[in-house]
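**Student:** Quick check, what structure comes out for this input:
(one chain, ligands or ions: 2)
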Amino acid sequence: MKIRVQKFGGTSVATPERRGRVVHHIRQALNEGCNVVVVVSAMGRKGDPYATDTLLHWIEENGQSLSPREQDLLLSCGEIISASTLSSLLNKEGIPNTVLTGGQAGIITNNQYNNAQILTINPSRVESELEKGKVVVLAGYQGKTIDGEVTTLGRGGSDTTATAIGVALNADMVDIFTDVEGIMTADPRIVEDAAPLEAVTYTEICNLAFQGAKVIHPRAVELAMQTNVPIRVRSTMSDHPGTLVSSTHEKNKLAGEVSDRLITGITQMANVTQIKVPAKEDQYDLQLKVFKAMAENGISVDFININPSGVIYTVYDHVADAAEEILRSMELEPELLRGCAKISVVGAGIAGVPGVMSKIAEALTEEDIPILQSADSHTTIWVLVPGNHMVKAVRSLHRKFDLHKVHVTNS
Ligand code: ADP
Ligand code: MG
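**Tutor:** Ligands and ions are numbered 1, 2, ... in the order given. Below is the predicted model of the structure:
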């Protein structure tokens with residue numbers, strides 16, 4: 001049985017025109033002889049009546065609050081409404097289908113409401129519907145606990161549903177349909193001439209996604225990677241095949257000339273605070289004290305730099321006040337710089353290649369952008385810049401590495 005999973009994000013199901021395109025893609029997969037599982041997100045973005053953010057704010061706006069369990073019950077409705085809407089369209093087109101909630105599809109999670117992890121999937125119900133010749137329309141972003149409680153999967157949850165069910169069903173392909181042509185060399189909302197990539201490896205897209213490229217959730221990619229299910233990230237509005245995400249081996253086979261590129265893309269993460277804690281004389285245990293205090297208060301730290309004069313690190317802006325208070329209560333004198341942006345230059349080809357950092361420094365210096373901090377690994381170089389320089393920094397790095405020239409060749 002050839003199985004295709006197709007996931008449609010919030011914007012892809014937001015309007016009648018787009019939902020028409022969704023039906024078109026389902027029909028195409030059926031025509032290719034596939035059994036189809038469609039995973040949908042809630043329709044639209046904040047402000048749209050049944051969007052996840054709208055549901056989330058519905059209770060808050062009225063000055064009330066819900067406990068996490070009840071919040072998940074409410075949130076799971078967005079995807080169920082979306083799935084039912086699509087089902088009615090498929091009925092109109094004469095395409096037999098069944099709607100399933102995450103729980104009905106056998107997605108079992110732990111009981112961490114709002115951000116549950118999938119423990120196992122029992123796909124027998126989905127398989128039996130497919131055997132009956134039906135399209136399964138699956139509500140994304142949700143599962144149930146072993147006791148039958150409804151849970152939601154947190155950010156990027158529908159991506160996770162799609163790859164998880166793809167792995168469980170041993171699908172031939174998981175298509176992530178969205179509002180851009182594929183995975184691009186930078187966020188197209190920031191860089192106008194960002195180019196869609198023909199193919200990337202799981203590792204490359206994980207690196208991009210972890211560093212802020214929100215086009216697909218890294219957790220979803222990690223799942224697909226376990227069993228090598230290929231993913232395509234593609235546009236709902238076109239028939240373009242988009243970006244193929246697979247293992248190195250397949251990528252080399254399918255896109256030989258792109259495989260030895262140096263840089264895959266540039267990503268950005270806004271709303272970061274840099275914290276500098278100067279060491280007092282003979283204070284050798286400063287880093288131990290600082291990071292222990294952060295950990296005990298559940299504040300995650302990044303971009304850590306330790307030297308004899310003190311420690312420097314970053315936290316998200318929304319926990320900066322809490323971090324400052326903790327440090328002051330320890331009689332330390334932190335300096336905080338809020339509203340910074342972390343820019344990442346990502347590429348598996350960076351390892352051991354001389355001159356990448358100097359090119360980054362050149363690009364930023366030419367634009368008078370101060371580098372507040374930098375770090376590197378074998379696949380990524382990070383720089384921290386003041387937030388008001390973020391857009392300019394991403395654009396200048398994109399230009400410096402000629403990324404607009406990476407063109408899709410399989411169109
Ligand atoms: P969906 O609702 O379909 O899940 P998302 O908003 O989660 O869509 O993801 C698509 C968005 O990801 C695009 O509109 C784009 O602005 C953003 N994005 C960020 N970085 C990239 C990138 N490198 N390539 C493609 N899209 C990106
Ligand atoms: Mg998304």
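**Student:** Need the contact partners of stretch 11-18.
**Tutor:** 19, 21-22, 40-41, 43-45, 48, 82, 85-86, 177-179, 236-237 (Cβ atoms under 8 Å, 6 or more residues apart in numbering). C-beta here means a position set from N, CA and C on the backbone, and glycine is covered the same way.
**Student:** out of those residues, which are inside strands?
**Tutor:** Counted as lying in strands by DSSP state E, out of those, are Val40, Phe177, Thr178.
**Student:** show me what contacts whichever residue of the stretch 301-411 of the chain sits closest to ligand 1?
**Tutor:** The nearest approach of the stretch 301-411 of the chain to ligand 1 comes at Val346, 9.4 Å away (Cβ to the nearest ligand atom). Going by Cβ under 8 Å, 6+ apart, Val346 touches Glu204, Asn207, Leu208, Gln211, Ile263, Thr264, Gly265, Ile266, Thr267, Thr379, Thr380.
**Student:** quick one on the thing from earlier: selecting buried members of the contacts of stretch 11-18 in PyMOL, what would you type?
**Tutor:** Buried residues among the contacts of stretch 11-18 (16 or more other Cβ atoms under 10 Å), as a PyMOL selection:
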select buried, resi 19+21+22+40+41+43+44+48+82+85+86+177+178+236+237
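**Student:** okay, now the residue of the stretch 251-400 of the chain found nearest ligand 1: neighbour count?
**Tutor:** For the stretch 251-400 of the chain and ligand 1, the shortest gap (Cβ to the nearest ligand atom) falls at Gly265, measuring 5.3 Å. Using other Cβ atoms under 10 Å, Gly265 is surrounded by 30 other residues.
**Student:** about what we covered before: for ligand 1, state which of the ones in strands among the contacts of stretch 11-18 is nearest.
**Tutor:** For those, the nearest to ligand 1 is Thr178 (3.4 Å; Cβ to the nearest ligand atom).
**Student:** any idea of the pLDDT on the closest one?
**Tutor:** pLDDT for Thr178: 97.
**Student:** ok now do the closest residue to it other than its chain neighbours, which residues does it touch?
**Tutor:** Nearest non-adjacent residue to Thr178, counting by Cβ to Cβ, 6 or more residues apart in numbering: Gly9, 4.8 Å away. Shown in contact with Gly9 (Cβ under 8 Å, 6+ apart): Ser41, Ser158, Ile176, Phe177, Thr178, Asp179.
**Student:** Close to ligand 1: what parts of the stretch 51-200 of the chain are there?
**Tutor:** Thr178, Asp179, Val180, Ile183, Met184, Ala186, Asp187, Pro188, Arg189 (Cβ under 6 Å from any ligand atom).
**Student:** Help me confirm that the fifth one comes into contact with Gly265.
**Tutor:** Yes. Under the criterion of Cβ atoms under 8 Å, Met184 is in contact with Gly265, at a separation of 7.0 Å.
**Student:** which residues are in contact with both of the two?
**Tutor:** Leu197.
**Student:** ok so, going back, compare the residues of the stretch 51-200 of the chain next to ligand 1 and tell me which is most surrounded.
**Tutor:** Counting neighbours by other Cβ under 10 Å, Ile183 leads those with 30 neighbours.
**Student:** ok, the spatially closest residue to it that is not a sequence neighbour to ligand 1 distance?
**Tutor:** Spatial nearest neighbour of Ile183, excluding adjacent residues (Cβ to Cβ, 6+ apart): Thr243 at 4.2 Å. Distance, Thr243 to ligand 1, by Cβ to the nearest ligand atom, to the nearest Å: 8 Å.
**Student:** And the lowest mean pLDDT element among the helices and strands of this structure?
**Tutor:** Here the helix or strand of the chain ranked lowest by mean pLDDT, DSSP states H and E is helix 248-254, holding a mean of 54.
**Student:** What score does the one residue in the chain that gets nearest to ligand 1 have for pLDDT?
**Tutor:** Here the residue of the chain nearest ligand 1 is Gly9; by Cβ to the nearest ligand atom that distance is 1.8 Å. Reported pLDDT at Gly9 in the predicted model: 95.
**Student:** try the one 3 residues further on
**Tutor:** If you check Ser12, the pLDDT there is 96.
**Student:** Spit out the contact partners of the nearest residue to it once chain neighbours are set aside.
**Tutor:** Ranked by Cβ to Cβ, 6+ apart and with sequence neighbours excluded, the top spatial neighbour of Ser12 is Thr236, at 4.0 Å. Each residue near Thr236 by Cβ under 8 Å, 6+ apart is listed here: Phe8, Thr11, Ser12, Arg18, Arg21, Val22, His25, Phe177, Thr178, Asp179.
**Student:** now the residues you listed as TSV including distance to Ile216?
**Tutor:** Below are the contacts of Thr236 laid out as TSV (distance: Cβ to Cβ, whole Å):
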residue	distance to Ile216
Phe8	13
Thr11	14
Ser12	14
Arg18	19
Arg21	19
Val22	18
His25	17
Phe177	11
Thr178	8
Asp179	13
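**Student:** Filter these down to the ones in helices?
**Tutor:** With DSSP state H as the criterion, helices contain Arg18, Arg21, Val22, His25 from among these.
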